[in-house]
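**Student:** next comes the sequence, and after it the predicted model I'd like to discuss.
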Amino acid sequence: MPKSGALCNGGRAALSSGPMSAKPASPDDLFAYLDTLGIAHRTVTHPAVFTVEEARDMRGTIGGGHTKNLFLRDKKGAVYLVVAPENAVIELRALHRLLGASGRFSFGSAELMREVLGVTPGSVTPFAAINDKDQRVTIVLDAALMAHEALNFHPLVNTATTSIPREGLLKFLVATGHPPRIEILSAPGG
C-alpha cells in the first residue's frame, strides 16, 4: 500500500480544484477524506487481484455487495464509470442508448484511466472520483447494487478491499462533485 503523507494536510491537498497536477490520492488520503465526511469504512488487505474471479477467491468473509467497475468512453470521448454487482450481466451494445451517450461504448484506455481517475487497470473504483477534479467522469450505479447495505470497492489500489455503507458511497460521490446516476442496468438480483 502506498505510504501516507504523499499529500499534505491529511489528503486535503488532493481535493483542491484545478487540473490534476499533484499526485493522485493514496489510500490513506482516501481514508482521511472518508473520515472528514463521517463515513464509516473498514479495509482488508490482500494480494493484488485483477479480475472479479480473483477477487471472489481472495475475499474470505467480507460481506456486502461486491462489484465490477466498467471504465467506458463514448464516440465523442465522454467518460463513464459503470458500477454494478459482480455477477451482473450488462448489455454493452445497448448501454449507450440507456445512458444517452454518443454512440456505442468502448473501454477507456489505461492512459485515459490514469489521466481522469488516477488509477490503473484492476484498481478502478468509484473511490477514484476523488482524483477527478474536473468532473469528467459520469458515475452510473446499477440499481441492483443499491439493494446492498454495505458495498465493497478497491481503495484506489487492488491490494485491499474497503467496505462502506451504501449511503456512505452516495455521500462520498456527491462530496467529490460526482452525484451518481442510478439506473436499472442488469436483471433484478443481478
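**Tutor:** Arrived safely, thanks for sending. Numbering: from 1, shown residues only.
**Student:** hey, let's count contacts and neighbours off CA atoms from now on
**Tutor:** Will do.
**Student:** and the strands in this structure?
**Tutor:** Counting by DSSP state E, the chain has strands at residues 42-45, 65-73, 79-85, 106-107, 137-142, 150-153, 160-165, 181-183.
**Student:** wait, which of those is closest to V116?
**Tutor:** Of all those, strand 137-142 sits nearest to V116, with 7.4 Å by CA to CA.
**Student:** against which helices or strands is that closest one packed?
**Tutor:** strand 79-85, strand 181-183 (3 or more CA pairs under 8 Å, 6 or more residues apart in numbering; DSSP states H and E).
**Student:** which stretches of this protein form helices?
**Tutor:** For the chain, applying DSSP state H gives helices covering 27-36, 52-58, 92-99, 110-117, 166-175.
**Student:** lowest-confidence stretch among these?
**Tutor:** Note on the helices of the chain: lowest mean pLDDT is at helix 52-58, with a mean of 63.
**Student:** ok, back up a step: okay, the helices of the chain in TSV with mean neighbour count next?
**Tutor:** Formatted as TSV, the helices of the chain follow (neighbours: other CA atoms under 10 Å):
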stretch	mean neighbour count
helix 27-36	19
helix 52-58	14
helix 92-99	14
helix 110-117	18
helix 166-175	17
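**Student:** is it possible to get a markdown table of those helices that adds distance to R73?
**Tutor:** A markdown table is the format used below for those (distance: least, CA to CA, whole Å):
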| stretch | distance to R73 |
| --- | --- |
| helix 27-36 | 25 |
| helix 52-58 | 21 |
| helix 92-99 | 10 |
| helix 110-117 | 9 |
| helix 166-175 | 20 |
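**Student:** out of those helices, which gets nearest to A84?
**Tutor:** Using CA to CA, the helices of the chain put helix 52-58 closest to A84, at 11.6 Å.
**Student:** report the central residue of the chain.
**Tutor:** By CA atoms, centre = their mean, the chain has its centre lying nearest to P126, at 1.6 Å.
**Student:** wait, which of the helices of the chain is closest to V44?
**Tutor:** helix 52-58 (10.4 Å).
**Student:** list the residues that contact G65.
**Tutor:** P85, L145, H148, E149, A150, L151, N152 (CA atoms under 8 Å, 6 or more residues apart in numbering).
**Student:** I figured the residue nearest to the centre of the chain hits I139, correct?
**Tutor:** Yes: counting by CA atoms under 8 Å, P126 does reach I139; the two are 7.4 Å apart.
**Student:** what's the overlap in contacts for those two?
**Tutor:** Joint contacts of P126 and I139 (CA under 8 Å, 6+ apart) are L81, V83.
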